[in-house]
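**Q** any chance you could fold what I've pasted below:
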Amino acid sequence: MSDAPPSRDVLARFDPKVKVYLWLQVAAILAATGVGLLALPFWLVLGPMWANLYFPTIEARLGDRSLVYRHGVWFRQEMSIPLDKIQDVSLHTGPILNAFGLSTLKVDTAGGGQAGSSAVLVGVVDSERFRGEVIRRRDQIAAGAKGGGNDELAVLKEIRDSLQRLEGLLSSRS
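**A** As a prediction, this is how the structure comes out:
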């Protein structure tokens, strides 16, 4: 047995209906484009296989200091978003998402115009609770940074005392 403290990570669960939603989303995009119409029959056959491969790769892990989001079949993507950089965690729904009983969480970070500065998590089970936990942990870090911890205060006092000793040594030599 390990003496390490228990992990406080929160692992988001994703609704299996995400597979059908993503498959239909791509099919709709293909159907809306002229070139996509040629690929649509292949997607209708191969899309469900891709969705079954993709779904198990989706992972969102909320730690004490960051949110790590991983996904992808052929091209894996991993984003590690520091909680102190999160500006907004928004919850989105709409007619199609509602039809599947799904919602989307969008995590925006500072510098929202840059590529990779947000994560879109589709189909998180109990998304309101997960969103609340992300916000709570972000605010907890922000409050700690503003208030300054006891460790930081101790370091500052140690630096002050060292400077006073140095001043005393310098003044005694002159």
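**Q** going by C-alpha atoms from here, please, whenever you check contacts or count neighbours.
**A** Noted.
**Q** would you agree Glu78 falls within a strand?
**A** Yes - Glu78 sits within a strand when classified using DSSP: H, G, I helix; E, B strand; the rest coil.
**Q** that one contacts Ala60, doesn't it?
**A** No - in this structure, Glu78 is not within contact of Ala60 by C-alpha atoms under 8 Å, at 9.6 Å.
**Q** where in this protein is pLDDT low?
**A** Under the criterion pLDDT under 70, the flagged ranges of the chain are 1-7, 111-116, 145-151.
**Q** that one: helices as residue ranges?
**A** Using DSSP state H, the helices found in the chain span residues 17-32, 34-54, 95-100, 127-147, 150-173.
**Q** what are the buried residues along the longest one?
**A** Read that as helix 150-173. Neighbour counts over helix 150-173 (16 or more other C-alpha atoms under 10 Å) mark no residue as buried.
**Q** and that helix, what does it pack onto?
**A** Contacts defined by 3 or more C-alpha pairs under 8 Å, 6 or more residues apart in numbering; DSSP states H and E place helix 150-173 against no helix or strand at all.
**Q** cool, the first one as well?
**A** Packing partners of helix 17-32 (3+ C-alpha pairs under 8 Å, 6+ apart): helix 34-54, helix 95-100.
**Q** so of the ones you listed, which one's packed in deepest?
**A** Mean neighbour count, computed with mean count of other C-alpha atoms under 10 Å, is highest for helix 34-54 among the helices and strands packed on helix 17-32, reaching a mean of 15.
**Q** the inter-axis angle of that helix versus helix 17-32?
**A** Put simply, helix 34-54 runs at 170 degrees to helix 17-32, going by axes from the mean of the first three to the mean of the last three C-alpha atoms, to 10 degrees.
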